[in-house]
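>>> sharing a sequence plus its predicted fold:
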Amino acid sequence: MEGELPLSPTDRTQLRRLRERGRTDRADLYAVLDAGLICHLGVVIDGTPVVLPTGYGRSGDTLLLHGSSANRSLASADGQDICVTVTHLDGLVCARSVFHHSINYRSAMVFGRARLVTDDEERLAALQVITEQLVPGRWAATRGPTGKELAATAVLALPLAESSVKVRTGPPGDDEEDYALNVWAGVLPAALMFGAAEPDPRLRPDVATPQHIRALAGRARGAASDTAVTSPVGARGD
Ligand SMILES: Cc1cc2nc3c(=O)[nH]c(=O)nc-3n(C[C@H](O)[C@H](O)[C@H](O)COP(=O)(O)OP(=O)(O)OC[C@H]3O[C@@H](n4cnc5c(N)ncnc54)[C@H](O)[C@@H]3O)c2cc1C
């Protein structure tokens, strides 16, 4: 059942450095994933590591990725061990020393064996999840995929069985003697902002901007304050 699996059951997901920034609660993993818009898919193709930025969605304890059925990274990932990361930049941390400059962030890494979804019903459900991750309310407001469009789309499923979450918040952690320096220090908060909606020049004049677009326009997406995660302040930038 959702939320009951341990987050990091394996050796490769154990944080080694700055472990106090690690999260062990599955709810923290969901919070980081659900607040994101894009992930990075890491897969080895013919002996070369490839990292692909792409959209995604979460359905329970499965991460879903999609792309063209000609997408080499998605096809190569089928049956392979892959790694997917999701990162939120929450602030630039300016310390008194260059060394202690840092970044406030929330990030998740998911390892696992990927599976190309072949069942059309499952793929359709996955595409709905991915669409709703980007623009909640969009699926019901648009024309669904045709059989041809569905055939042109590959969907990859990755179980959220082996994951880690790391979070940094708070001010810089300078060396004690540096606090007396005449150097500005602090945090420059950062968040992803949507601008005002720009109607397509070919939009029918009688089509108004729908509520699900107005709900996003001009707002920050997935900012740290929207999530349940908090963290002790660490000393180093990573
Ligand atoms: C936006 C951002 C900027 C960063 N900038 C830097 C930088 O400039 N320099 C730097 O050294 N580090 C940076 N980090 C931290 C970096 O991601 C690593 O956590 C850190 O470098 C430790 O790496 P390691 O190989 O020693 O990790 P280890 O602790 O050995 O990693 C072991 C396991 O811990 C987990 N893990 C490690 N890091 C993360 C993470 N960030 N999120 C989720 N799980 C994780 C993974 O499961 C990994 O397999 C940054 C992180 C973010 C999100």
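Noted; the coordinates are in hand.
>>> next one: the closest residue to residue 122 other than its chain neighbours from the ligand, what distance?
Nearest residue to residue 122, sequence neighbours excluded (C-beta to C-beta, 6 or more residues apart in numbering): residue 155, at 7.7 Å. Glycine gets a C-beta too; all of them are placed from N, C-alpha and C. Residue 155 sits 24 Å away from the ligand, going by C-beta to the nearest ligand atom, to the nearest Å.
>>> give me the low-pLDDT residue ranges for this structure?
1-4, 225-238 (pLDDT under 70).
>>> quick one: furthest residue from the center of it?
residue 180 (38.5 Å; C-alpha atoms, centre = their mean).
>>> how much space between residue 178 and the ligand?
Distance from residue 178 to the ligand, by C-beta to the nearest ligand atom: 20 Å.
>>> pretty sure that residue sits in a helix.
Yes: assignment of residue 178 by DSSP: H, G, I helix; E, B strand; the rest coil places it within a helix.
>>> show the contacting residues for it.
95, 96, 97, 100 (C-beta atoms under 8 Å, 6 or more residues apart in numbering).
>>> wouldn't the second one be in contact with residue 174 here?
Put plainly, it is residue 96. Yes: counting by C-beta atoms under 8 Å, residue 96 does reach residue 174; the two are 4.7 Å apart.
>>> overlap of the contact sets of these two?
Common neighbours of residue 96 and residue 174 (C-beta under 8 Å, 6+ apart) are residue 185.
>>> longest strand of the protein?
strand 81-94 (DSSP state E).
>>> what about residue 188, which helix or strand?
strand 186-189 (DSSP states H and E).
>>> hey, what's the residue positioned nearest the centre of the chain bridged with?
Centroid check for the chain by C-alpha atoms, centre = their mean gives residue 86 as the closest residue, at 3.1 Å. Judged by DSSP bridges, the bridge partners of residue 86 are residue 108.
>>> do you know how far it is from residue 178?
Using C-beta to C-beta, to the nearest Å, residue 86 is found at 33 Å from residue 178.
>>> contacts only, for residue 124.
Residue 124 neighbours (C-beta under 8 Å, 6+ apart): 144, 145, 150.
>>> who wins for neighbours among the residues you listed?
Ranked by the number of neighbours (other C-beta atoms under 10 Å), the contacts of residue 124 place residue 145 first, at 17 neighbours.
>>> part of a helix, is that one?
No: assessed with three-state DSSP, residue 145 is coil; it does not lie in a helix.
>>> right, and it touches residue 153 too?
Yes: when contacts are counted by C-beta under 8 Å, residue 145 is listed as touching residue 153 (7.0 Å).
>>> what residues are shared contacts of these two?
Common neighbours of residue 145 and residue 153 (C-beta under 8 Å, 6+ apart) are residue 127.
>>> returning to that earlier point: so the residue nearest to residue 122, which state does it fall into?
strand.
>>> longest helix of the protein?
The longest helix of the chain (DSSP state H) is helix 120-134.
>>> quick one: buried residues of that helix?
123, 126, 127, 128, 129, 130, 131, 132, 133 (16 or more other C-beta atoms under 10 Å).
>>> residues in contact with the first one?
Taking C-beta under 8 Å, 6+ apart as the definition of contact, the neighbours of residue 123 are 117, 150, 153, 155.
>>> and the furthest pair within those residues?
117 and 150 (11.0 Å; C-beta to C-beta).
>>> what's the distance between the residue lying closest to residue 224 once chain neighbours are set aside and the ligand?
Computed as C-beta to C-beta, 6+ apart, the closest residue to residue 224 that is not its neighbour in sequence is residue 90, at 4.4 Å. Going from residue 90 to the ligand by C-beta to the nearest ligand atom gives 9 Å.
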